[in-house]
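Colleague: Fold the stuff below for me.
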Amino acid sequence: VRLMQDKEEMIGKLKEEIDLLNRDLDDMEDENEQLKQENKTLLKVVGQLTR
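Modeller: From the prediction side, this is the model:
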């Protein structure tokens, strides 16, 4: 019985960890998209300045 409780507790902790990692991943994907847009804008400006 104790072994089963330990396993269930571990599963719960792992599920929480997965949720946190998924949130981190979503945040990183959002940040990456924002940085891509900023980079695109900067490249456009630099391109205009070097003409």
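Colleague: what residue is smack in the middle of the chain?
Modeller: Nearest to the mean C-alpha position of the chain, counting by C-alpha atoms, centre = their mean, stands residue 25 at 1.8 Å.
Colleague: so where's the chain uncertain?
Modeller: Residues of the chain meeting the criterion pLDDT under 70: none.
Colleague: do that again at 90, thanks
Modeller: The chain contains residues with pLDDT under 90 at 51.
Colleague: And the helices in it, which stretches?
Modeller: Under the criterion DSSP state H, the chain contains helices at 2-49.
Colleague: where's stretch 5-12 relative to the chain centroid, distance-wise?
Modeller: Computed by C-alpha atoms, centre = their mean, to the nearest Å, the chain-centroid distance of stretch 5-12 equals 26 Å.
Colleague: and the residue nearest to the centre of the chain, how far is that from residue 19?
Modeller: 11 Å (C-beta to C-beta, to the nearest Å). For the C-beta atoms, the positions are set from N, CA and C on the backbone; glycine is no exception.
Colleague: before we move on, what about residue 30?
Modeller: 17 Å.
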